[in-house]
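>>> Sequence below, structure please.
(one chain, ligands or ions: 2)
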Amino acid sequence: MQFLNTGPFDTSETASDAAGRKRAWRQTLRQRRQSLPAAERIAAAEAIVARVSAFPAFAQPGYVAGYWATGGELPLHVLQLRLRADQVWCLPCIQDDNTLKFAPWRPGDPLVANRYGIPEPDVVLSSQLDAHALSILLVPLLGFSRDGHRLGMGGGYYDRSLAFRQQAAAPPWLLGIGYAFQELPDLTGEDWDVGLDAVATPDELVICR
Ligand SMILES: Nc1nc2c(c(=O)[nH]1)N(C=O)[C@@H](CNc1ccc(C(=O)N[C@@H](CCC(=O)O)C(=O)O)cc1)CN2
Ligand SMILES: Nc1ncnc2c1ncn2[C@@H]1O[C@H](COP(=O)(O)OP(=O)(O)OP(=O)(O)O)[C@@H](O)[C@H]1O
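Ligands and ions are numbered 1, 2, ... in the order given. Just a heads-up that it's a prediction; the model follows:
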């Protein structure tokens, strides 16, 4: 069992201290993300296009999973508009077993709200793709470290759906998306965490391994 008490933290930190630290980070970062001025959010949506495009795997054709930005998440609609003809934009769909599948979505296609009120493509299960079928996933995050650790919303959806990447090489490539202020140098991993291959912020593309 691996705890979060590595690095500069007191080595006597317990698992519940670590959980409390993660909770505090989540609260602070959610608030900071929500309160970002609109002008910065707009600039970020533009700037992220060049950063994602610099990721070598983005040159490959195939299914690109994004997300429908909510709660102050970095918006991806500019990126979606700039996809090439050989790339198909997909959005995550939460399953009954708390994993994610992914469905192609273009503006105008029907949407339905999931359990958190986030829009998902309104398509039958047989039209939804398993994460294995994707060439790249743009993964939403609350926090990240330069070595590819990710702090998410706490539902474990991405870790559960991408567990196979702990043993298998890409694709799908996992590219975290966030603002530079979401970097947490002291973020460490849990046993079930699936590492990110890279993180794109409006300022830079960080290759994690
Ligand atoms: N845009 C987007 N879509 C996504 C994710 C995401 O992080 N961002 N997910 C990434 O996993 C999945 C959904 N996971 C989520 C997990 C928690 C909450 C959330 O708001 N939790 C509230 C409690 C809400 C409730 O219980 O009803 C909270 O933490 O306060 C939202 C989405 C799939 N789709
Ligand atoms: N592969 C897995 N199998 C079963 N449960 C898992 C798996 N991965 C994560 N979980 C569960 O999900 C819970 C939340 O994990 P974690 O706090 O790492 O979420 P997160 O990555 O921040 O959330 P999200 O992916 O939804 O943004 C954990 O308590 C863990 O029990």
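
>>> elements contacting the helix ranked longest in the chain?
Secondary structure of the chain read by DSSP state H shows that its longest helix is helix 15-34. When contacts are defined as 3 or more Cβ pairs under 8 Å, 6 or more residues apart in numbering; DSSP states H and E, helix 15-34 sits against strand 143-144, strand 150-151. (C-beta placed from N, C-alpha, C; glycine too.)

>>> As JSON lines, the ones you listed with mean pLDDT, mean neighbour count and distance to ligand 1 would be great.
JSON lines is the format used below for those (pLDDT from 0 to 100; neighbours: other Cβ atoms under 10 Å; distance: least, Cβ to the nearest ligand atom, whole Å):
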{"stretch": "strand 143-144", "mean pLDDT": "98", "mean neighbour count": "23", "distance to ligand 1": "12"}
{"stretch": "strand 150-151", "mean pLDDT": "97", "mean neighbour count": "23", "distance to ligand 1": "10"}
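
>>> Out of the ones you listed, which is closest to ligand 2?
For those, the distance to ligand 2 is smallest for strand 150-151, at 5.6 Å, taking Cβ to the nearest ligand atom.

>>> and the helix or strand following that closest one, average pLDDT?
Using DSSP states H and E, the helix or strand that follows strand 150-151 towards the C-terminus is helix 157-161. Taken as a whole, helix 157-161 carries a mean pLDDT of 98.

>>> neighbours of the residue nearest to Gly117 when sequence neighbours are not counted, just the number please.
Distances taken as Cβ to Cβ, 6 or more residues apart in numbering put Thr70 closest to Gly117, at 7.6 Å, once the chain neighbours are dropped. When neighbours are counted by other Cβ atoms under 10 Å, Thr70 registers 13.

>>> From the contact counts, what lies against whatever helix or strand Ala43 lives in?
Per DSSP H and E: Ala43 is located in helix 38-53. When contacts are defined as 3+ Cβ pairs under 8 Å, 6+ apart, helix 38-53 packs onto helix 77-81, strand 173-177, strand 198-200.

>>> what do you get if the cut-off is 6 Å, keeping everything else the same?
Counting contacts by 3 or more Cβ pairs under 6 Å, 6 or more residues apart in numbering; DSSP states H and E, helix 38-53 packs against helix 77-81, strand 198-200.

>>> what about the longest one, near ligand 1?
No. Using Cβ under 6 Å from any ligand atom, helix 77-81 never reaches ligand 1; the gap is at least 12.2 Å.

>>> pLDDT of that helix, averaged?
Rounded mean pLDDT across helix 77-81 is 98.

>>> which residues touch that helix?
Ala45, Glu46, Val49, Val52, Trp89 (Cβ atoms under 6 Å, 6 or more residues apart in numbering).

>>> how much space between the spatially most central residue of the chain and Ala85?
In the chain, the C-alpha nearest the mean C-alpha coordinate belongs to Val139, at 1.7 Å (Cα atoms, centre = their mean). Distance, Val139 to Ala85, using Cβ to Cβ, to the nearest Å: 24 Å.
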